[in-house]
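Undergrad: could you work out the structure for the sequence below:
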Amino acid sequence: MFIDSVSFTVSSGKGGPGCASFRREKHVPLGGPDGGDGGNGGDVYFIVDNNTHTLANYKGKRVLKAANGVPGLPRNMTGKKGENLELIVPPGTAVYDNDSGELLLDLTTEGQKELFLLGGKGGLGNIHFKTSVNQAPSKAQSGLPGETKNIRLELKLIADVGLVGFPNVGKSTLISAVSNAKPQIANYEFTTLTPKLGLVEVDQFNGFVMADIPGIIEGASDGKGLGIKFLKHIERTKVLLYMIDLANYRSLEEQFETLRSEVEKFSPLLAKRSFAIALTRADVAENIDEKVQNFISKFGFETKQSGYKIDTSLPYFVMSISSVSGENLKELKFALLEILKDDTTA
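TA: Down below sits the predicted model:
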């Protein structure tokens, strides 16, 4: 099950209470206080693991808590520290304060370990309260409480290239043809219900990660179709690849303008990301040259060159492809790799 957003309460452990005890041994009539300190409460950590792909482990959870510290013991023995709570999450997980909406942690790197909540300090035993006028104190401290936060975890997939297009435009077919991803493919809209990642091998030494998200339709920003909530999964991508259907009843211009509008409504910053355009289903479309020329002419598109600052309102390239026949797929992979190598996309 793909889960990309969960909310719950997390708490660090309470410190253990100090011990109030006195030394009791034969031939030691005035042993004095010997109560040990309580152990500190367990801390809360977030750990990033590449082998974890969703937040499904936290579905249905309401409260997660680290262990409390163990109380102090006689003979000046300190109680054991409470066991830490380690929350394992996939790369790309953002941790938000669910009350204020503030971003608390952005977890992107494999092996990253972040201390989130510190456990409460253990209380002092009565040995600390012995004075010249109070040789037998019975006082010991309670442990301090841990910290508690209401949090929301959101998973934003990490990829180099993000596919943006209408349902049934060929995104899943493309990612299955050029990568190791094996998404469900069918001839109806909204076949893809969850985001997919695929590793694209360009040559023996180079490759990149491609992300496919469920299709966007006009009005998605108003909640139509599957909405635009899945666009968050391409917020981290370096390049957007808009996929426009050459065989669709709508013009290329209408398709592109609608997609750009929905992306901009979701995030103006994402809409300014470097992008390219793939014109799909070239194997079944008619009058391709005419359609492509009219499309390019209307928007004033031109091929971008790497090595200098570019205008982000223009695509790097406009290329017709067919994922079924394989037309221009090799060229597409190399062209996308060149964009990713371009320092201006950083």
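Undergrad: low-scoring stretches of the stretch 101-250 of the chain, by residue?
TA: 181, 183-193, 217-229 (pLDDT under 70).
Undergrad: strands along that one, start to end?
TA: Using DSSP state E, counting those that start in this stretch, the strands found in the stretch 101-250 of the chain span residues 103-107, 113-117, 148-155, 161-165, 196-201, 207-212, 239-245.
Undergrad: need the winner for burial among these.
TA: With neighbours taken as mean count of other Cβ atoms under 10 Å, the strands of the stretch 101-250 of the chain reach their highest mean count in strand 161-165, at a mean of 25. All C-beta spots, glycine's among them, are computed from the backbone N, C-alpha and C.
Undergrad: chain center to that strand, what's the gap?
TA: From the chain centre to the centre of strand 161-165 is a distance of 17 Å (Cα atoms, centre = their mean, to the nearest Å).
Undergrad: before we move on, what about stretch 155-172?
TA: With Cα atoms, centre = their mean, you get 15 Å for stretch 155-172.
Undergrad: could I get the longest helix along the chain in PDB with only the CA atoms?
TA: Secondary structure of the chain per DSSP state H: the longest helix is helix 252-266. This file holds the C-alpha atoms of helix 252-266, laid out as PDB (Å, rounded to 0.1, in the frame of the first residue of the first chain):
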ATOM      1  CA  LEU A 252      -1.000  20.400 -28.600                       C
ATOM      2  CA  GLU A 253      -1.300  24.100 -27.500                       C
ATOM      3  CA  GLU A 254      -4.400  23.400 -25.400                       C
ATOM      4  CA  GLN A 255      -2.900  20.400 -23.700                       C
ATOM      5  CA  PHE A 256       0.300  22.300 -22.800                       C
ATOM      6  CA  GLU A 257      -1.400  25.400 -21.600                       C
ATOM      7  CA  THR A 258      -3.800  23.400 -19.400                       C
ATOM      8  CA  LEU A 259      -0.900  21.400 -17.800                       C
ATOM      9  CA  ARG A 260       1.200  24.500 -17.200                       C
ATOM     10  CA  SER A 261      -1.800  26.300 -15.600                       C
ATOM     11  CA  GLU A 262      -2.500  23.400 -13.200                       C
ATOM     12  CA  VAL A 263       1.200  23.100 -12.200                       C
ATOM     13  CA  GLU A 264       1.400  26.900 -11.600                       C
ATOM     14  CA  LYS A 265      -1.700  26.800  -9.400                       C
ATOM     15  CA  PHE A 266      -0.100  24.100  -7.300                       C
END
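Undergrad: show me which residues of that helix are buried.
TA: 252, 255-256, 258-260, 262-263, 266 (16 or more other Cβ atoms under 10 Å).
Undergrad: next secondary structure after it?
TA: For helix 252-266, the following helix or strand on the C-terminal side (DSSP states H and E) is helix 268-271.
Undergrad: from the contact counts, what lies against the longest helix of the chain?
TA: The contact analysis (3 or more Cβ pairs under 8 Å, 6 or more residues apart in numbering; DSSP states H and E) places helix 252-266 against strand 161-165, strand 239-245, helix 268-271, helix 288-299.
Undergrad: recalculate using a threshold of 6 Å.
TA: strand 239-245, helix 268-271, helix 288-299 (3 or more Cβ pairs under 6 Å, 6 or more residues apart in numbering; DSSP states H and E).
Undergrad: ok, which of the ones you listed comes nearest residue 30?
TA: Nearest to residue 30 among the helices and strands packed on helix 252-266 is helix 268-271 (72.9 Å), distances taken as Cβ to Cβ.
Undergrad: buried ones in that closest one?
TA: For helix 268-271, by 16+ other Cβ under 10 Å, it's 270-271.
Undergrad: measure how far that helix is from the centre of its chain, please.
TA: Remark: helix 268-271 is offset 18 Å from the chain centroid, using Cα atoms, centre = their mean.
Undergrad: now residue 182. Nearest residue, chain neighbours left out?
TA: residue 176 (6.1 Å; Cβ to Cβ, 6 or more residues apart in numbering).
Undergrad: let me redo that: residue 5
TA: That would be residue 154: by Cβ to Cβ, 6+ apart, it lies 5.1 Å from residue 5.
Undergrad: bridging residues for the one you found?
TA: residue 5, residue 94 (DSSP bridges).
Undergrad: isn't it right up against residue 95?
TA: No - contact criterion Cβ atoms under 6 Å: residue 154 and residue 95 do not qualify, at 8.2 Å.
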